[in-house]
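Student: Need coordinates for the below:
(one chain, ligands or ions: 2)
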Amino acid sequence: MVIPVKLTVTGGKGGTGKSTVATNLAWVLAEKYKVVLVDADVECPNDHILLSAELGEEEDVTLFKPKFDYKKCTACGLCIEKCEENALVKFKEGYPFLMPTLCSGCRTCQLVCPEEGAILDDYRLVGHTYRARISENLELITGLLEEGEERSYPTVLAARRRAMRIPADIHLFDTMPGTGNHVAAAIEDSKVVIAVSEPTPLGEHDLEMILKLLKRLGLRAWIVINRSDLGSTEEHRRIADRYGAEIIAEIPMSDDILRSYVSGEPAVKMFPGGEAAKIFREIARRVEEVM
Ligand code: SF4
Ligand code: SF4
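Tutor: Ligands and ions are numbered 1, 2, ... in the order given. Okay, the predicted model is just below:
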């Protein structure tokens with residue numbers, strides 16, 4: 001019997017190869033297991049492009065926003081004072097006015113308001129999630145932030161919830177770059193987190209930030225060095241040692257990956273006997289060991 005696991009692929013900045021690793025790994029694992037791949041890189045999701053898939057069935061992601069009934073509001077100013085996001089400003093005669101993009105939807109204003117019915121429920125659209133079937137064993141959930149929206153966290157959370165409602169052997173998350181709370185929302189509860197990095201000074205810096213976060217969260221960390229022949233990997237080894245992380249694979253620059261990227265097919269599908277496919281299969285084998 002397979003015990004369901006959650007895995008995450010993350011990386012310091014866009015373009016490190018995180019989505020390439022996630023899509024190839026998902027494809028290999030789906031040969032044996034039921035896999036839900038979750039593209040939680042909500043500002044710029046591209047797993048569907050790398051899998052030549054449509055985004056699929058859409059659901060809205062909305063966030064609470066206060067709607068003021070000025071007939072009931074006494075302009076006491078308490079909601080303005082208590083709003084930690086400074087999303088409420090005083091306008092004429094001291095009545096509150098909402099700056100919607102600053103509002104986190106926390107409802108504090110509604111909770112502290114002494115006048116019943118002065119703050120009503122309203123909602124704003126902050127993003128969408130999508131569900132698409134890629135193959136018999138592989139489904140893709142994508143989170144996509146609404147244009148101009150700055151709060152990515154609710155859409156990441158919505159993608160996570162939608163994905164986790166689908167029964168599967170493996171939920172494989174592909175996060176946003178960086179180490180913000182939007183990344184923490186995706187990696188939480190992961191059996192293992194795969195940090196994809198490049199042997200460059202920026203790659204070293206980003207890797208250290210990610211490993212610090214994973215250590216703080218008590219999560220097991222693996223490292224995949226992408227474009228490993230781009231420079232020396234010595235510093236990556238030192239950082240890995242410092243944080244008790246394991247380098248499980250090195251992927252040199254590869255024509256297979258480049259051509260598969262351009263064609264929108266995973267390298268493991270397009271060049272099943274190639275060197276890149278062998279590396280992705282080895283990563284999948286390591287994943288199976290922790291299942
Ligand atoms: S919901 Fe929270 S962030 Fe939005 S206006 Fe009310 S207190 Fe401020
Ligand atoms: S707390 Fe309520 S009554 Fe006071 S200003 Fe805000 S909405 Fe009006």
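
Student: tell me which residues of the helix or strand that contains Val156 are tucked away?
Tutor: Following DSSP states H and E, one finds Val156 within helix 153-164. By 16 or more other CB atoms under 10 Å, the buried positions in helix 153-164 come out as Tyr153, Pro154, Thr155, Val156, Leu157, Ala158, Ala159, Arg160, Arg162, Ala163, Met164. For the C-beta atoms, the positions are set from N, CA and C on the backbone; glycine is no exception.

Student: same deal with stretch 177-197?
Tutor: Counting neighbours by 16+ other CB under 10 Å, stretch 177-197 gives 177-179, 182-183, 185-187, 190-197 as buried.

Student: For ligand 2, state which of the buried residues of helix 153-164 is nearest.
Tutor: Among the buried residues of helix 153-164, Pro154 lies closest to ligand 2 (CB to the nearest ligand atom), at 23.4 Å.

Student: For this protein, which residues are neighbours of ligand 2?
Tutor: 68, 73-79, 96, 113, 115, 118-119 (CB under 6 Å from any ligand atom).

Student: residues near Ala245, how many?
Tutor: Neighbours of Ala245 under the rule other CB atoms under 10 Å: 21.

Student: what's the spacing between it and ligand 1?
Tutor: To ligand 1, Ala245 is 37 Å away according to CB to the nearest ligand atom, to the nearest Å.

Student: What confidence value was assigned to that residue?
Tutor: If you check Ala245, the pLDDT there is 94.

Student: What about the nearest residue to it once chain neighbours are set aside, how many residues nearby?
Tutor: Leaving aside its chain neighbours, Ala245 sits nearest to Ala221 (3.9 Å; criterion: CB to CB, 6 or more residues apart in numbering). A count of nearby residues for Ala221, using other CB under 10 Å, gives 23.

Student: How about Glu147?
Tutor: Neighbour number of Glu147 under other CB under 10 Å is 6.

Student: name the element it belongs to?
Tutor: Counting by DSSP H and E, Glu147 is part of no helix or strand.

Student: Can you read off the backbone torsions of it?
Tutor: Dihedral angles of Glu147 (phi, psi; degrees, to the nearest 10) stand at phi -60, psi 130.

Student: Against Ala118, how distant is it?
Tutor: Distance of Glu147 to Ala118, given as CB to CB, to the nearest Å: 32 Å.

Student: before we move on, what about Leu202?
Tutor: From Leu202 to Ala118 the distance is 50 Å (CB to CB).

Student: These two - which one has more neighbours?
Tutor: Ala118 (22 against 12).

Student: Ala195 is in contact with the residue nearest to Ala245, correct?
Tutor: Yes. Using CB atoms under 8 Å, Ala221 makes contact with Ala195 at a distance of 6.1 Å.

Student: what do those two both touch?
Tutor: Ile210, Leu211, Leu214, Ala245 (CB atoms under 8 Å, 6 or more residues apart in numbering).

Student: Just the ones of these in strands?
Tutor: If you go by DSSP state E, these have nothing in strands.

Student: Tell me the most packed of these, by neighbour count.
Tutor: Ile210 (27 neighbours).

Student: Which residue comes closest to that residue once chain neighbours are left out?
Tutor: Ala195 (4.7 Å).

Student: before we move on, what about Leu63?
Tutor: Closest to Leu63 by CB to CB, 6+ apart is Gly105, at 3.8 Å.
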